[in-house]
Structures are given as structure tokens and as C-alpha cells.
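# task: produce atomic coordinates for the following.
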Amino acid sequence: MRDERRALETFNAAPHCRYIFILLSSRVEESKLFGGKVKRGRLAEVNLSLIRLGLALKLSHLLIAVLLIILFSAFSLAACDPAQAITIDKSLTKFYLHADTRFKHDFNLTGQPETGVQYAYSFIQGYLSGLQLSQGGILELLPNPAETGTTILALIAVKGECADTAILTFQVSSGPMITQFSPSNYYVDMNLTQNMTFSITAESNAQDKTLTYEWLLDGQKVSEGFPEFVLATGYTLHGDHELTGRVIDSQGLFTDQDWTLHIRKVDLSPVQLKEIPGVTLYKNTLMGAYNLRDYFYDPEYGSMSFYYKKVLPQYSNITYANVSVNIDSIGYITYYPETNSTGYAYFIFSATDDQDLTTESNIVRVDVLNEQPVYQINSTQKSYFCGDYSCNAEENCTTCPFDCGFCDKGDIQGCLSQWNCTEWIPCTPEGKQNRSCNDIHNCGDDRSMPDTERECEYIGNCTDGLQTGFEEGVDCGGPCEPCPTCYDGIMNQGEGGVDCGGPCEKRCEQCENGKKDGNETDVDCGGPSCPPCDGDKACLKRTDCISLNCTYLVCGFASCFDLIRNQGEGGVDCGGPCEAVCSNCSDGLKNGNELGVDCGGPCKPCPNCGDGVKNGDEWLVDCGGSCPRCSMSEIFSTYFFWFIGFFAVLAAAFIFVIGYFFYLLYSPEEAERLYGNNVIFVLLTELHHFSRVCRRLIGRRGFISKEDYAFYKDQIMSLVSKEAFSNNDLYELIIKVLSDMLSLPADFDDAMFYRRIRSVKVSPFIKVLLVGFYRRSTILSRDIFIPTEEQEDFVTELKFLLLELSKA
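Numbers count the residues shown, from 1 in each chain. So this is what the prediction gives:
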């Protein structure tokens, strides 16, 4: 094959020769030459004979073949009129093809008309199936993935007795190969409240293994860059859709993985539009608050019923008020505090639609305060009264036990509470029972009130609005009535008609006729009868739109920045599909209706300097930090046992240190070992300095006088000034100084030295240093070599000890 191609390139001087050579090559059976309609004249027959002879030669006879080619070229040049010579445009002879991608190219002559030109081709290397070449020079093919690699073919153009050949190279590459994908089913069934993750694993066939990813929904790009895609349907995407995962390699080749999605509608729960605020009311005063229809909305325009439940957050040091709630038929709330009840009450309100789907609100706090303070016109002094939680000078345990407490002795006087409690309500699904208790005497003191809440075991039933036990749905299936379906012949579960619309796949004729009629705001949507409209549809009010956003009579699309709680958000533009996290009582931020960081509003009360609890930045209970400074009595009473323990440890350490030094005085070997340790030597010296300061405060003077210190120093300098002195001379000087300083005989022994040391009135630390020095100096009395540097150390240490003993 290589020889054939080399021969073809050699025939540039004889184009017609190349044509004949291709015709007679080893792949002549694969050539498509004008449909076999080319007539060969006498010259063609001569050419055929010459080429056959050249091909019959072995490669070793290449020179003979070249001679034949030259001879043939002479015939060719004589046969083709130079004025009629043709040349194929060879500006583009190498092509890069993608498998399964149709290729088409129009080959032309260079600066010449193509009238009467005929084209043909022949494969030199490789093979491409389905290749088509028109008489006008248009080459078309659809490469098969099995034909990847390099294919070489010869393109021949013939016009009369003239011809030209172009060698074409085709490089066929296949796109990435998807090895795994999830979900593995091509048909995916889901509902519009679900989120589903799609993923692709692929390998690149290119030399550069880099892959990029794109995700297309119904042909529109929705994500790129990652091999995974999370489809969040929200409330607008339903019906049949096509999802495509596309893998693209470094050459731009791509492979697609397609899924068919069927997204079913479901019944939508009521939506809370905004947080319900807390309220403040005063003791014994009822208050109308707000309408729950301003805070809840049913996306399906059905009717809603409103309920409430009282909750008791586990906050410490909280007084709970007894407050009742009345919700009228239109959703208006009125709060009724029990007589003389004050404190906090917490509620959760809920909205339930026709299909018994329920949405709960945020926790709503109700503050029940005492009567409003009455201020005098001419003074800022507050008027005090019994029940203001302050025992003033005009009140006592008899006249106002509520503020001042009961009297310690004698019969109880004043108002005595007598409680009348209701029966316990049935056990709630949360496992709680509640009741209310009222003081018949209206004393205004709830300290003796019986418990109003207790734990219980909840037993579910078919009317509790919950899925419990063996129920297959909420209050249906199992021991209850069968659950509604789209085949039961009943209009239920939010269906638009009997077994159609709503969660059912079958569409109802009403609101499904493709026309804008009735009270619809757009085609088959909007108005009180039809479902809400998608974005860009006409509307009259916000509830006509799924996004709850009707601007200039056109529905907007739901987003995480529209200041509306929609698309399954946990709050306004937070939670659900949004990145922002909704505020709560444990996020470390001051948000929502909180009065401080995670406190106040719907959360536990914020710490203050009078709540009797150590909280906030307080150092002790209600003092320190932002509160008043803690007094010494408060600190001592709080840390009394810590103080006792600290002083006990300090005393024990002091006794141990003193005892240990006395032990050293009786253990000279141990003192000598400590004296030789540099760290301990410095420690003993510093302790001696500290004790010297204490001794100076009580009027103690130095152990030796300044004159004695100068005398001993002169003796030492007199010895050191000699050109040479022996170890024995230095030892005798040390013994003489010690005997004179301690009033010992000149021939004292160890026992006399230790006895005297224990009796002298100096700090125990310097005593240990003296004992250590004395024990260490005995080495000078031995007949051994001691370096000069060590002799100088003895002199320096002796001078240091004498200086310390001379100081007050």
C-alpha cells in the first residue's frame, strides 16, 4: 500500500498515468470509475500494458518501474493538450470526521469550469461504507462508529484525455462513551413535588481525556459543567418533558443520554404567605388581632378551615399565661386571657384545605402583661399597686401576698387561691394533655396552680387528620375507609371533575378545552374555578398565578428574590429550592421577629439582668458583662468552696516546701545534688530574695555586717591575687571563712557545721545553698586535679554567698 501511494505521488507529471494506476491497483474492485462507462482508446491500452508490467515487478526492481513511468509520462504529455489540462483544488485534503455525523464536501477544479469533468475514487488505506460521489464532485458519507481511525483514498477527475488525482485523508473519531447513567430507566415517572438527581459516567476516546457536561430540558440548556443534575420541578413543571444529558470531549464530539419525564400534578397544600406576628395584651383584656386569610392561601382556590394549638417550648424560668383563642368563620382571631393570668403563651395556627392537607404557621408568641403603668401628670414616678411584682413600702405579706409572699408565721391572711380546673382534653398526637385552671378567689397569684399539662399515649383513629397505625393515607386505607383514587368514580382529592384533573393524569373538559372562557384569566387557567396560571399568563390578582405574583395583569415566574413565599419555600425567599436558610431560633443570627440573637419574639425570652439566671455575657447570676459589676460578696458566695480549696492547697504547698528544706538540712548529700543543678540553684536564689524582702519588712538585718563582708572579701582577693595557689590553700580559706562567720572552732567537723547551720537565723533557702557549697568544697581537700576554671567557680560562689548573707 505504501508503494502504491509513493508511486501515485511520483506520477505528478502524468495525471492520466495516475488515473490508470488507480484503476489497476490492488483495490481496483473497490473503485467507482464513472460507472464503468469510460472508453479506453489505443493510448489507454498502451498505458494498461505498461502499468500491469510495472506492478508485476518486485519492489527491488523499482528503477525499472520508474523508467516505465517516465516512458508513460511521455505518452501522457503527448496525449493531453496542455491547454485542456485540469487540476483538482488541493487546498483541503485532510478531513476530521465525527462518527454518526454526516459529512459533505464539494470538490472543484482550480480556476477551470467543470463542464465535461467526471469524478471517481479508490481506497488506498482503510474503508468507509456508504460513501457517495456525484458527477459534480460532491462527496457525502455517514461514518460508522466501527470505522474510526485513518482512511486514505484517491479522488480522480477526468476530462477528455486529461486527468488529475488528489490523495485525501479522513480521520474518523467517535464521541465519548457513556458507561453508566442514573436513573437507569429511560422513562421516569415523578410528581411535581419531587426532586430527582440525574447523573452520567462517561469515558473519552480522544487523547485529551477532558470531558464537559451539559443538561438540556426540552432542548433548552438548563445546567452545565457537572456530571450530575438535580431536577427541582417546583409547582410549574408538569406533563411530559425530555431531559438530555450531553457529554462533550476535547474535540467537540458529544454523546447524548435522553430521558422521557412524566411529571404528575398533585394536590397542593395551603401556603403560608408571611409570618404571623406576635401580640402584646394586658391582663384581663381581650384583644382582636388579625385575619388568618391574610397569612394563608390555597393554590387551588378551595375553602380553608383554621385551627390552633397551644405549644409550650422548653424554656427555663418562664411563666406561662392561660390564654384562649377564638377563630370565627372568616378566620378572624381574638385572644382571651384568663382572669389575672400574666406571662407568655405560644400558639401554632394551621390552615386545612378541602382535601385535608394542612400547613402550620410559625410559632406565635402572646405576651400578657400586668395593667398598664399609670403615670402622674406632674411626676415621672410610677404608681405602685398590688400585683406589679414589686413589694413596696406600703405592702406586706398580709396586705399583698402576691408581691411580698406569704407570711412565715401565724395563720395565712389575705387572699388564698382556690383552683377550679377543667377536665383533661383528649390526648393529642404530640402525646400531651392540657386543661385550664381558674382561681375562684381571683387572688392573682398562680404559684399554687395545679399542673395544666401532662404526657399521655396517643392512639390514632380514622378522623384525627393524621396517618397512623395501618392507614395507607391520612385517615384512609387499612382499618379506615378506602383512600381516594383516580378510578373510584368520585370527585375527591382535589380533582377538577370525577376522576379527572388535580392529581389525576386524565384532564377534565372544564378548564381543559384550550379556550379562554368562563371566568378564566387566561387559556384554561386563572379565576376561581381553574388552576393558577404559569408565568407570562394573564391574571387579575395574585391568586391567579402559581407564583402568587401578578404584576401589571401578567403572572411572573417564581424566584428566590420575589419577596413572596412560593415554589415550596420554607419562608419568604428562603428554604426549599432557595439557597438562603430560613431564620430560626438556633441559627446564631438576629432575624425574623427576634428581639436579639435567637431570643425574643417567637424564641425564648432574651436574657436580662433581673431574670435570676446566669445567661448572656453575665459573669455571675445577673451581674458582670453588660449588667452591674459583681460585688465581692457575690463572688465569694459563688466561689466559696473554690476559695477554701485554693487556700488549702496553698497552705499545703507552703508546709511541704518548708518541711522539704528542713529535710535537706538533715540530708547534706541531697542538698549537694540540688546545689549542682543550675535550674534549682537559680530557683533557691530567687526564693531567698523573696524571703529577704519579707525579713526586711520585719526589721531583720543581714547575718554578717558590711565590715565583715569587706574583710572576708579582702582575704579572698589576697589569695586570688597570687600567681598560683593550690587547692588546699583555697579549701583552708573556705574553712576559715565559714568557721569565723558561723563562730565555729577552726577544726570543726561535719556534725558541728550542720548543727550550727540549723540554729542560725537566716532563710532556709540560703541554708541549703551553704550546705551544698560546704559539701561540694570538700573536693578541694583531696589530692586530685581541679581545673583553674573550677577553682574560679568556687571563689565566685563563696563571694556570692557572703554577699547574700550581708544583705538585710
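# neighbouring contacts of stretch 86-99?
15, 103, 105, 107-110, 112, 117, 141, 143-145, 147-148, 155, 157, 159, 162-175, 251, 253 (C-beta atoms under 8 Å, 6 or more residues apart in numbering). Using the backbone N, CA and C atoms, a C-beta is placed for each residue, glycine as well.
# now that stretch: mean pLDDT?
Mean per-residue pLDDT for stretch 86-99: 83.
# list the buried residues of it.
86, 88-89, 97-99 (16 or more other C-beta atoms under 10 Å).
# in CSV, list those along with secondary structure and distance to residue 744.
Listed next are the buried residues of stretch 86-99 as CSV, based on DSSP: H, G, I helix; E, B strand; the rest coil; distance: C-beta to C-beta, whole Å:
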residue, secondary structure, distance to residue 744
86, coil, 136
88, strand, 129
89, coil, 126
97, strand, 115
98, strand, 112
99, coil, 113
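# show me which of those is closest to residue 625.
residue 98 (71.9 Å; C-beta to C-beta).
# show the end-to-end separation of stretch 272-279, please.
19 Å (C-alpha to C-alpha, to the nearest Å).
# do the same with stretch 614-627
Per C-alpha to C-alpha, stretch 614-627 runs 11 Å from first to last residue.
# from the chain's centre, how far out does that stretch sit?
33 Å (C-alpha atoms, centre = their mean, to the nearest Å).
# please identify the buried residues of it?
So, applying 16+ other C-beta under 10 Å, buried residues of stretch 614-627: 615-616, 618, 620-625, 627.
# now do it, average pLDDT.
84.
# just stretch 213-232 next, same as before
On average, stretch 213-232 scores 88.
# got the CA coordinates for that stretch in CSV?
The C-alpha coordinates for stretch 213-232 follow below in CSV (Å, rounded to 0.1, in the frame of the first residue of the first chain):
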residue,chain,number,x,y,z
TYR,A,213,-21.2,18.2,30.5
GLU,A,214,-24.5,20.0,29.5
TRP,A,215,-28.1,19.3,30.6
LEU,A,216,-30.9,20.3,28.3
LEU,A,217,-34.7,20.3,29.2
ASP,A,218,-36.9,20.2,26.2
GLY,A,219,-33.9,21.3,24.1
GLN,A,220,-33.0,24.3,26.3
LYS,A,221,-29.8,24.3,28.3
VAL,A,222,-30.5,24.4,32.0
SER,A,223,-27.2,23.5,33.5
GLU,A,224,-23.6,22.8,32.5
GLY,A,225,-20.2,21.8,34.0
PHE,A,226,-21.2,18.9,36.2
PRO,A,227,-22.0,15.2,35.6
GLU,A,228,-25.0,15.4,38.0
PHE,A,229,-28.2,17.5,37.6
VAL,A,230,-30.9,17.9,40.2
LEU,A,231,-34.3,18.4,38.6
ALA,A,232,-36.4,20.6,41.0
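# what's it in contact with?
For stretch 213-232, using C-beta under 8 Å, 6+ apart, the contacting residues are 195-202, 212, 241-248, 261, 577.
# kindly recompute the last result at 6 Å.
195-200, 241-246, 577 (C-beta atoms under 6 Å, 6 or more residues apart in numbering).
# now do stretch 587-605
315, 362-363, 365, 583, 585, 606.
# weed out the non-buried ones from the residues you listed.
Buried members of those, counted by 16+ other C-beta under 10 Å: 362-363, 365, 583, 585, 606.
# I'd like to know how many residues surround the closest residue to residue 203 other than its chain neighbours.
Distance criterion C-beta to C-beta, 6 or more residues apart in numbering; nearest residue to residue 203, sequence neighbours excluded, is residue 177 at 5.1 Å. Residues near residue 177, counting by other C-beta atoms under 10 Å, number 14.
# with the one 5 residues further on instead?
Residues near residue 182, counting by other C-beta under 10 Å, number 12.
# tell me the one of the buried residues of stretch 86-99 nearest residue 536?
residue 98 (38.0 Å).
# bridging residues for the closest one?
Here residue 98 shows beta-bridge partners residue 173, assigned using DSSP bridges.
# leaving out sequence neighbours, find the closest residue to the spatially most central residue of the chain.
Geometric centre of the chain, nearest residue: residue 579, 10.7 Å, by C-alpha atoms, centre = their mean. What sits nearest to residue 579 in space, not counting adjacent residues and going by C-beta to C-beta, 6+ apart, is residue 560, at 7.0 Å.
# residue 572 is in contact with the one you found, correct?
No - using C-beta atoms under 6 Å, residue 560 makes no contact with residue 572, being 9.7 Å away.
# show me the contacts for residue 159.
Taking C-beta under 6 Å, 6+ apart as the test, what residue 159 contacts is 86, 116-117.
# over to residue 309?
residue 348.
# skip ahead from the helix or strand it falls within and say which helix or strand is next.
Element membership for residue 309 (DSSP states H and E) is strand 305-311. Next helix or strand after strand 305-311 toward the C-terminus (DSSP H and E): strand 323-327.
# neighbours of residue 578, how many?
18.
# once you drop chain neighbours, what's closest to residue 284?
residue 339 is the one closest to residue 284 (C-beta to C-beta, 6+ apart), at 6.0 Å.
# retrieve the pLDDT associated with that neighbour.
83.
# can you give me the strands in the stretch 501-650 of the chain?
550-551, 554-555 (DSSP state E, counting those that start in this stretch).
# which residues sit against the last one?
In other words, strand 554-555. In contact with strand 554-555 (C-beta under 6 Å, 6+ apart) are residues 533, 535, 537, 539, 545.
# now the stretch 351-500 of the chain, which segments are flagged as low pLDDT?
Low-confidence segments of the stretch 351-500 of the chain, defined by pLDDT under 70, span residues 371-390, 392-394, 398-403, 405-414, 496-497.
# in it, what residue spans correspond to helices?
401-404 (DSSP state H, counting those that start in this stretch).
# could you pull out the strands in it for me?
Using DSSP E, counting those that start in this stretch, strands in the stretch 351-500 of the chain cover 358-369, 419-421, 432-434, 437-439, 453-455.
# and these: which comes nearest residue 293?
So among these, strand 358-369 is nearest, using C-beta to C-beta, at 12.7 Å.
# ok, and for that closest one, which residues are buried?
So, applying 16+ other C-beta under 10 Å, buried residues of strand 358-369: 358-359, 361-368.
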